[in-house]
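Trainee: here is the input, now give the coordinates:
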Amino acid sequence: QVQLLESGGGLVQAGGSLKLSCAASGRTFSNYAMGWFRQAPGKEREVVASISRSGSSTYYPDSVKGRFTISRDNAKNTVFLQMISLKPEDTAVYYCAAAKSWLKTTAGYDYWGQGTQVTVSS
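Mentor: A predicted model of the protein is given here:
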């Protein structure tokens, strides 16, 4: 079992930045690939970034490429999502999740956090 706890969400103006953190506990963090996702009201959950177990591989969809950066610190059991140039359409609940393999979709993740709200005002 892996427990995940997101933090760092909040209210920010368009063009601003936020850095989300996801702290993991339980099983060995470095054994899991990690992903960040978001879900806006009335919309499906979508992946915004994923990172391999070592951190050597990352994935971003076009909607956030160049603005979001995922990273991880295996020594601190934490994965991060740095977000810059935020837009109102980035407003959503952001989740982190853990998977046994590096993925580029929302499916296949074994453990999920509770989410943190990000609101971008125009």
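
Trainee: all contacts plus neighbour counts: C-alpha atoms, from now on.
Mentor: Fine.

Trainee: before we move on, which element is the most centrally placed residue in the chain in?
Mentor: If you average the C-alpha coordinates of the chain and look for the closest C-alpha using C-alpha atoms, centre = their mean, you land on Trp36, 2.2 Å from that point. Trp36 belongs to strand 33-39 when assigned by DSSP states H and E.

Trainee: can you name every helix or strand that the next helix or strand after that strand contacts?
Mentor: Toward the C-terminal end, the helix or strand that comes next after strand 33-39 (DSSP H and E) is strand 46-51. Counting contacts by 3 or more C-alpha pairs under 8 Å, 6 or more residues apart in numbering; DSSP states H and E, the secondary-structure elements packed against strand 46-51 are strand 33-39, strand 58-59, strand 68-73.

Trainee: paired strands for the longest one, with orientation please.
Mentor: Taking DSSP bridges as the criterion, strand 33-39 pairs within the sheet with strand 46-51 (antiparallel), strand 92-99 (antiparallel).

Trainee: looking only at pLDDT, what's the mean for the last one?
Mentor: It refers to strand 92-99. The predicted model gives strand 92-99 an average pLDDT of 98.
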